[in-house]
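Visitor: let me see the structure of the following:
(2 chains)
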Amino acid sequence: MHELGILMGAINTVENFAKKNGVTKIQTLVLQIGELSSMIPKYIEDCYPTAVEGTLLQETELKIEILPGNAICKSCNHVFNLIENEDTCPNCGTQDWEILCGKEFMIKEIIAC
Amino acid sequence: MDAYKVLEIKQSVFDDNDQQADLLRTELKKEQTFLLNLMSSPGSGKTTTVLRTIEALQDEMTIGIMEADIDSDVDARTVAGTGTKVIQLHTGGMCHLDADMTRQGLLGLGTADIDFAILENVGNLVCPAEFDTGASKNAMILSVPEGDDKPLKYPLMFSIVDVLLINKIDAVDYFDFDFEAVKERVTKLNPGIKVIPISAKTGEGISEWADWLRTEVGSWNGI
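Guide: You can find the predicted model right below:
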(Lines give C-alpha, C1' and ligand atoms only; values in the text may rest on other atoms or scores of the structure.)
Protein backbone atom coordinates (compact mmCIF):
# COMPACT_ATOMS: atom_id res chain seq x y z
CA MET A 1 0.00 0.00 0.00
CA HIS A 2 2.06 2.91 -1.27
CA GLU A 3 -0.68 4.69 -3.17
CA LEU A 4 -1.18 7.47 -0.61
CA GLY A 5 2.40 8.75 -0.68
CA ILE A 6 2.62 8.55 -4.45
CA LEU A 7 -0.76 10.20 -4.91
CA MET A 8 0.29 13.05 -2.61
CA GLY A 9 3.29 13.61 -4.89
CA ALA A 10 0.98 13.71 -7.90
CA ILE A 11 -1.36 16.18 -6.17
CA ASN A 12 1.65 18.38 -5.46
CA THR A 13 2.59 18.31 -9.16
CA VAL A 14 -0.98 19.30 -10.12
CA GLU A 15 -0.98 22.16 -7.60
CA ASN A 16 2.28 23.49 -9.00
CA PHE A 17 0.90 23.22 -12.53
CA ALA A 18 -2.25 25.09 -11.44
CA LYS A 19 -0.24 27.89 -9.81
CA LYS A 20 1.96 28.28 -12.88
CA ASN A 21 -1.06 28.45 -15.17
CA GLY A 22 -3.17 30.77 -13.02
CA VAL A 23 -5.80 28.12 -12.32
CA THR A 24 -8.01 28.82 -9.31
CA LYS A 25 -10.65 26.10 -9.45
CA ILE A 26 -10.19 22.51 -10.53
CA GLN A 27 -13.38 20.63 -11.25
CA THR A 28 -11.92 17.31 -12.36
CA LEU A 29 -8.54 15.56 -12.26
CA VAL A 30 -7.95 12.80 -14.80
CA LEU A 31 -5.30 10.17 -14.01
CA GLN A 32 -4.23 7.33 -16.30
CA ILE A 33 -3.18 4.07 -14.70
CA GLY A 34 -1.68 1.20 -16.66
CA GLU A 35 -2.91 -2.32 -16.01
CA LEU A 36 0.69 -3.38 -15.41
CA SER A 37 1.62 -0.55 -13.03
CA SER A 38 1.77 -1.23 -9.33
CA MET A 39 -1.00 1.29 -8.66
CA ILE A 40 -4.36 -0.20 -7.77
CA PRO A 41 -7.18 2.09 -8.97
CA LYS A 42 -9.45 1.14 -6.06
CA TYR A 43 -6.78 2.13 -3.52
CA ILE A 44 -6.11 5.38 -5.36
CA GLU A 45 -9.82 6.20 -5.11
CA ASP A 46 -9.94 5.23 -1.44
CA CYS A 47 -7.04 7.42 -0.37
CA TYR A 48 -7.83 10.31 -2.70
CA PRO A 49 -10.01 12.28 -0.22
CA THR A 50 -7.20 12.17 2.35
CA ALA A 51 -4.53 13.12 -0.20
CA VAL A 52 -6.39 16.23 -1.39
CA GLU A 53 -7.47 17.47 2.03
CA GLY A 54 -6.34 21.05 2.54
CA THR A 55 -5.09 21.40 -1.05
CA LEU A 56 -6.41 23.23 -4.07
CA LEU A 57 -7.94 19.92 -5.14
CA GLN A 58 -10.07 19.46 -2.02
CA GLU A 59 -13.34 19.76 -3.99
CA THR A 60 -11.99 18.20 -7.19
CA GLU A 61 -13.56 15.09 -8.62
CA LEU A 62 -11.21 12.22 -9.51
CA LYS A 63 -11.49 10.29 -12.77
CA ILE A 64 -9.30 7.30 -13.57
CA GLU A 65 -8.68 5.93 -17.05
CA ILE A 66 -7.20 2.46 -17.31
CA LEU A 67 -4.54 1.86 -19.98
CA PRO A 68 -4.28 -1.70 -21.31
CA GLY A 69 -1.20 -3.83 -20.63
CA ASN A 70 -0.24 -4.72 -24.19
CA ALA A 71 2.81 -6.46 -25.58
CA ILE A 72 4.19 -7.31 -29.02
CA CYS A 73 5.31 -10.89 -29.64
CA LYS A 74 8.97 -11.10 -30.68
CA SER A 75 8.34 -14.26 -32.69
CA CYS A 76 5.27 -13.35 -34.76
CA ASN A 77 4.76 -9.59 -34.12
CA HIS A 78 1.24 -10.18 -32.83
CA VAL A 79 0.01 -7.48 -30.42
CA PHE A 80 -1.96 -8.83 -27.46
CA ASN A 81 -3.14 -8.07 -23.92
CA LEU A 82 -0.80 -9.63 -21.36
CA ILE A 83 -3.36 -10.05 -18.60
CA GLU A 84 -6.14 -11.58 -20.72
CA ASN A 85 -3.67 -13.97 -22.34
CA GLU A 86 -1.72 -14.82 -19.19
CA ASP A 87 1.60 -13.58 -20.60
CA THR A 88 1.43 -15.97 -23.57
CA CYS A 89 1.05 -14.94 -27.21
CA PRO A 90 -2.38 -16.22 -28.32
CA ASN A 91 -1.15 -16.42 -31.92
CA CYS A 92 1.98 -18.57 -31.62
CA GLY A 93 2.05 -19.63 -27.95
CA THR A 94 5.49 -18.22 -27.08
CA GLN A 95 6.31 -16.07 -24.06
CA ASP A 96 8.97 -13.93 -25.71
CA TRP A 97 7.49 -10.44 -25.92
CA GLU A 98 8.15 -6.79 -25.31
CA ILE A 99 5.81 -4.52 -23.34
CA LEU A 100 4.26 -1.75 -25.43
CA CYS A 101 2.17 -0.04 -22.78
CA GLY A 102 0.49 -0.51 -19.42
CA LYS A 103 3.14 0.50 -16.88
CA GLU A 104 2.15 4.18 -16.88
CA PHE A 105 0.91 6.28 -14.02
CA MET A 106 0.15 9.60 -15.66
CA ILE A 107 -1.51 12.86 -14.77
CA LYS A 108 -3.47 13.27 -17.99
CA GLU A 109 -5.35 16.54 -17.58
CA ILE A 110 -7.46 18.75 -15.37
CA ILE A 111 -10.77 20.41 -16.09
CA ALA A 112 -10.38 23.82 -14.52
CA CYS A 113 -10.84 27.53 -14.72
CA MET B 1 -20.69 30.39 -13.94
CA ASP B 2 -16.98 30.18 -14.60
CA ALA B 3 -15.87 28.68 -17.88
CA TYR B 4 -14.18 25.37 -17.27
CA LYS B 5 -11.74 24.08 -19.81
CA VAL B 6 -9.52 21.07 -20.24
CA LEU B 7 -5.84 21.68 -19.48
CA GLU B 8 -3.51 18.89 -20.62
CA ILE B 9 -0.74 17.99 -18.19
CA LYS B 10 0.42 14.63 -19.62
CA GLN B 11 3.12 14.09 -17.06
CA SER B 12 4.21 10.85 -15.52
CA VAL B 13 3.79 10.88 -11.76
CA PHE B 14 7.38 9.64 -11.47
CA ASP B 15 8.88 12.40 -13.67
CA ASP B 16 9.57 14.80 -10.85
CA ASN B 17 11.41 12.18 -8.83
CA ASP B 18 13.39 10.99 -11.87
CA GLN B 19 14.66 14.53 -12.46
CA GLN B 20 15.61 14.96 -8.80
CA ALA B 21 17.43 11.63 -8.92
CA ASP B 22 19.44 12.57 -12.03
CA LEU B 23 20.44 15.86 -10.43
CA LEU B 24 21.57 14.13 -7.24
CA ARG B 25 23.60 11.59 -9.25
CA THR B 26 25.40 14.39 -11.10
CA GLU B 27 26.26 16.09 -7.80
CA LEU B 28 27.51 12.85 -6.23
CA LYS B 29 29.73 12.20 -9.24
CA LYS B 30 31.29 15.65 -8.83
CA GLU B 31 31.77 15.09 -5.11
CA GLN B 32 33.33 11.69 -5.77
CA THR B 33 30.88 9.86 -3.58
CA PHE B 34 29.63 6.51 -4.81
CA LEU B 35 26.11 5.82 -3.54
CA LEU B 36 24.79 2.26 -3.39
CA ASN B 37 21.06 1.74 -2.97
CA LEU B 38 20.64 -1.59 -1.19
CA MET B 39 17.19 -3.14 -1.30
CA SER B 40 15.58 -6.38 -0.13
CA SER B 41 12.63 -7.75 1.79
CA PRO B 42 12.68 -7.53 5.61
CA GLY B 43 14.90 -10.12 7.26
CA SER B 44 17.08 -10.94 4.24
CA GLY B 45 20.24 -9.89 6.08
CA LYS B 46 20.77 -6.35 4.80
CA THR B 47 22.32 -5.03 8.00
CA THR B 48 24.58 -8.07 8.47
CA THR B 49 25.68 -7.72 4.84
CA VAL B 50 26.40 -4.03 5.43
CA LEU B 51 28.55 -4.96 8.46
CA ARG B 52 30.52 -7.48 6.36
CA THR B 53 30.95 -4.90 3.62
CA ILE B 54 32.32 -2.33 6.08
CA GLU B 55 34.72 -4.94 7.44
CA ALA B 56 35.99 -5.76 3.95
CA LEU B 57 36.46 -2.21 2.67
CA GLN B 58 36.93 0.20 5.60
CA ASP B 59 40.73 0.17 5.38
CA GLU B 60 40.63 1.29 1.74
CA MET B 61 37.90 3.93 1.69
CA THR B 62 35.76 6.14 3.91
CA ILE B 63 32.30 4.63 4.24
CA GLY B 64 29.03 6.20 5.37
CA ILE B 65 25.78 4.38 6.04
CA MET B 66 22.16 5.58 5.90
CA GLU B 67 19.68 3.24 7.53
CA ALA B 68 16.11 3.83 6.37
CA ASP B 69 13.25 2.36 8.32
CA ILE B 70 9.67 3.19 9.04
CA ASP B 71 10.56 3.30 12.73
CA SER B 72 13.29 2.49 15.32
CA ASP B 73 17.05 2.90 15.25
CA VAL B 74 18.16 -0.67 15.94
CA ASP B 75 20.01 -0.97 12.61
CA ALA B 76 21.84 2.33 13.05
CA ARG B 77 22.95 1.29 16.55
CA THR B 78 24.25 -2.00 15.21
CA VAL B 79 26.28 -0.28 12.49
CA ALA B 80 27.50 2.46 14.85
CA GLY B 81 29.23 -0.29 16.81
CA THR B 82 31.77 -0.59 13.95
CA GLY B 83 32.86 3.04 14.30
CA THR B 84 31.54 3.86 10.81
CA LYS B 85 29.61 7.09 10.23
CA VAL B 86 25.92 6.21 10.25
CA ILE B 87 22.58 7.98 10.38
CA GLN B 88 19.07 6.67 10.77
CA LEU B 89 16.35 7.94 8.43
CA HIS B 90 12.71 7.57 9.34
CA THR B 91 10.33 7.49 6.42
CA GLY B 92 7.31 8.27 8.59
CA GLY B 93 5.26 5.34 7.35
CA MET B 94 6.33 5.58 3.72
CA CYS B 95 7.35 2.26 2.25
CA HIS B 96 10.22 3.59 0.15
CA LEU B 97 12.75 6.41 -0.16
CA ASP B 98 12.64 8.88 -3.01
CA ALA B 99 15.40 11.10 -4.36
CA ASP B 100 14.49 14.03 -2.14
CA MET B 101 14.56 11.96 1.05
CA THR B 102 17.89 10.48 -0.06
CA ARG B 103 19.27 13.99 -0.57
CA GLN B 104 18.21 14.96 2.95
CA GLY B 105 19.84 11.81 4.28
CA LEU B 106 23.10 12.58 2.48
CA LEU B 107 23.06 16.12 3.87
CA GLY B 108 22.67 14.68 7.36
CA LEU B 109 25.50 12.23 6.76
CA GLY B 110 27.78 14.82 5.17
CA THR B 111 29.33 13.43 1.99
CA ALA B 112 32.40 15.65 1.63
CA ASP B 113 34.82 13.04 2.99
CA ILE B 114 32.77 9.94 2.10
CA ASP B 115 34.00 7.78 -0.78
CA PHE B 116 31.30 5.16 -0.52
CA ALA B 117 27.82 5.65 0.92
CA ILE B 118 25.31 2.84 1.38
CA LEU B 119 21.62 3.57 1.54
CA GLU B 120 19.92 0.67 3.28
CA ASN B 121 16.43 1.14 1.84
CA VAL B 122 13.19 0.14 3.57
CA GLY B 123 12.72 -3.64 3.58
CA ASN B 124 10.26 -4.07 0.72
CA LEU B 125 10.47 -5.57 -2.78
CA VAL B 126 7.74 -3.45 -4.35
CA CYS B 127 7.86 0.32 -3.90
CA PRO B 128 11.62 0.98 -3.65
CA ALA B 129 11.95 -0.47 -7.17
CA GLU B 130 9.81 2.32 -8.59
CA PHE B 131 11.66 5.25 -7.11
CA ASP B 132 15.06 6.21 -8.39
CA THR B 133 16.98 7.39 -5.31
CA GLY B 134 19.78 8.98 -7.32
CA ALA B 135 22.16 6.14 -6.43
CA SER B 136 25.19 5.31 -8.58
CA LYS B 137 24.26 1.62 -8.53
CA ASN B 138 21.38 -0.48 -7.24
CA ALA B 139 21.77 -3.79 -5.48
CA MET B 140 19.35 -6.21 -3.90
CA ILE B 141 19.57 -9.15 -1.58
CA LEU B 142 17.47 -12.26 -1.96
CA SER B 143 17.98 -14.72 0.87
CA VAL B 144 17.68 -18.48 0.47
CA PRO B 145 14.73 -18.91 2.91
CA GLU B 146 12.62 -16.48 0.84
CA GLY B 147 12.56 -18.94 -2.04
CA ASP B 148 13.64 -19.07 -5.67
CA ASP B 149 10.26 -17.91 -6.98
CA LYS B 150 10.71 -14.26 -5.93
CA PRO B 151 11.87 -13.03 -9.37
CA LEU B 152 8.54 -14.27 -10.73
CA LYS B 153 6.57 -12.44 -8.05
CA TYR B 154 8.48 -9.16 -7.94
CA PRO B 155 9.83 -8.81 -11.49
CA LEU B 156 10.35 -5.04 -11.42
CA MET B 157 12.82 -5.16 -8.52
CA PHE B 158 14.92 -7.84 -10.21
CA SER B 159 14.86 -5.96 -13.50
CA ILE B 160 16.24 -2.65 -12.18
CA VAL B 161 19.20 -3.80 -10.05
CA ASP B 162 22.81 -4.01 -11.19
CA VAL B 163 23.71 -6.78 -8.80
CA LEU B 164 21.81 -9.49 -6.96
CA LEU B 165 23.28 -10.96 -3.79
CA ILE B 166 21.88 -14.34 -2.84
CA ASN B 167 22.38 -14.40 0.92
CA LYS B 168 22.25 -17.15 3.57
CA ILE B 169 23.77 -19.77 1.27
CA ASP B 170 25.02 -21.50 4.44
CA ALA B 171 21.38 -22.51 5.07
CA VAL B 172 20.75 -23.95 1.62
CA ASP B 173 20.53 -27.56 2.88
CA TYR B 174 17.35 -26.74 4.80
CA PHE B 175 15.46 -25.14 1.94
CA ASP B 176 14.43 -26.16 -1.57
CA PHE B 177 16.27 -23.33 -3.26
CA ASP B 178 17.30 -23.77 -6.90
CA PHE B 179 20.21 -21.44 -7.78
CA GLU B 180 20.03 -22.24 -11.48
CA ALA B 181 16.32 -21.45 -11.59
CA VAL B 182 16.94 -18.06 -9.95
CA LYS B 183 19.77 -17.25 -12.37
CA GLU B 184 17.64 -18.20 -15.35
CA ARG B 185 14.67 -16.15 -14.09
CA VAL B 186 16.65 -13.01 -13.30
CA THR B 187 18.70 -13.14 -16.49
CA LYS B 188 15.50 -13.28 -18.50
CA LEU B 189 14.29 -10.11 -16.74
CA ASN B 190 17.66 -8.39 -16.68
CA PRO B 191 20.36 -9.76 -19.02
CA GLY B 192 23.13 -7.55 -17.59
CA ILE B 193 22.60 -8.48 -13.92
CA LYS B 194 25.49 -9.80 -11.83
CA VAL B 195 24.60 -12.55 -9.37
CA ILE B 196 26.82 -13.16 -6.33
CA PRO B 197 25.96 -15.91 -3.80
CA ILE B 198 27.08 -14.92 -0.29
CA SER B 199 26.73 -15.80 3.35
CA ALA B 200 26.89 -12.67 5.47
CA LYS B 201 27.13 -14.98 8.46
CA THR B 202 30.15 -17.08 7.45
CA GLY B 203 31.69 -14.51 5.09
CA GLU B 204 31.54 -16.79 2.05
CA GLY B 205 31.35 -14.84 -1.22
CA ILE B 206 32.02 -11.49 0.48
CA SER B 207 35.38 -11.11 -1.26
CA GLU B 208 33.70 -11.31 -4.69
CA TRP B 209 31.14 -8.71 -3.56
CA ALA B 210 33.92 -6.48 -2.21
CA ASP B 211 35.79 -6.83 -5.54
CA TRP B 212 32.73 -5.72 -7.46
CA LEU B 213 32.29 -2.72 -5.15
CA ARG B 214 35.99 -1.80 -5.32
CA THR B 215 35.81 -1.65 -9.12
CA GLU B 216 32.56 0.32 -9.18
CA VAL B 217 33.59 2.82 -6.49
CA GLY B 218 36.95 3.28 -8.25
CA SER B 219 35.46 3.98 -11.66
CA TRP B 220 32.74 6.28 -10.24
CA ASN B 221 35.20 8.33 -8.20
CA GLY B 222 37.74 8.37 -11.02
CA ILE B 223 40.47 6.64 -9.04
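
Visitor: regarding the most centrally placed residue in chain B, what is its secondary structure?
Guide: Centroid-nearest residue in chain B: B:Leu38, 1.5 Å away (criterion: C-alpha atoms, centre = their mean). For B:Leu38, the secondary structure call by DSSP: H, G, I helix; E, B strand; the rest coil comes out as strand.

Visitor: wait, it sits on B:Thr48?
Guide: No: using C-beta atoms under 8 Å, B:Leu38 makes no contact with B:Thr48, being 11.8 Å away. No exception for glycine: its C-beta is placed from N, CA and C like everyone else's.

Visitor: number of nearby residues for B:Leu35?
Guide: Around B:Leu35 there are 27 other residues, counting by other C-beta atoms under 10 Å in any protein chain shown.

Visitor: what pLDDT does the model give it?
Guide: Looking at B:Leu35, its pLDDT reads 98.

Visitor: okay, and the beta partners of it?
Guide: Legend: beta-bridge partners of B:Leu35 under DSSP bridges are B:Ala117.

Visitor: distance of it relative to chain A?
Guide: Separation of B:Leu35 from chain A (C-beta to the nearest C-beta, to the nearest Å): 22 Å.

Visitor: residues contacting that residue?
Guide: Counting by C-beta atoms under 8 Å, 6 or more residues apart in numbering or on different chains, B:Leu35 touches B:25, B:28, B:102, B:106, B:117-119, B:133-136.

Visitor: how about B:Gln104?
Guide: Per C-beta under 8 Å, 6+ apart, neighbours of B:Gln104: B:Leu89.

Visitor: do the same with B:Val13
Guide: Neighbouring residues of B:Val13 by C-beta under 8 Å, 6+ apart: A:6, A:9-10, A:13, A:105-107.

Visitor: secondary structure added to these, as TSV?
Guide: TSV is the format used below for these (three-state DSSP):
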residue	secondary structure
A:Ile6	helix
A:Gly9	helix
A:Ala10	helix
A:Thr13	helix
A:Phe105	strand
A:Met106	strand
A:Ile107	strand
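
Visitor: which of those residues are close to chain B?
Guide: A:6, A:9-10, A:13, A:105-107 (C-beta under 8 Å from any C-beta of the partner chain).

Visitor: and of these, the nearest to B:Glu146?
Guide: Nearest to B:Glu146, judged by C-beta to C-beta, of the ones next to chain B among the contacts of B:Val13 is A:Ile6 at 25.3 Å.
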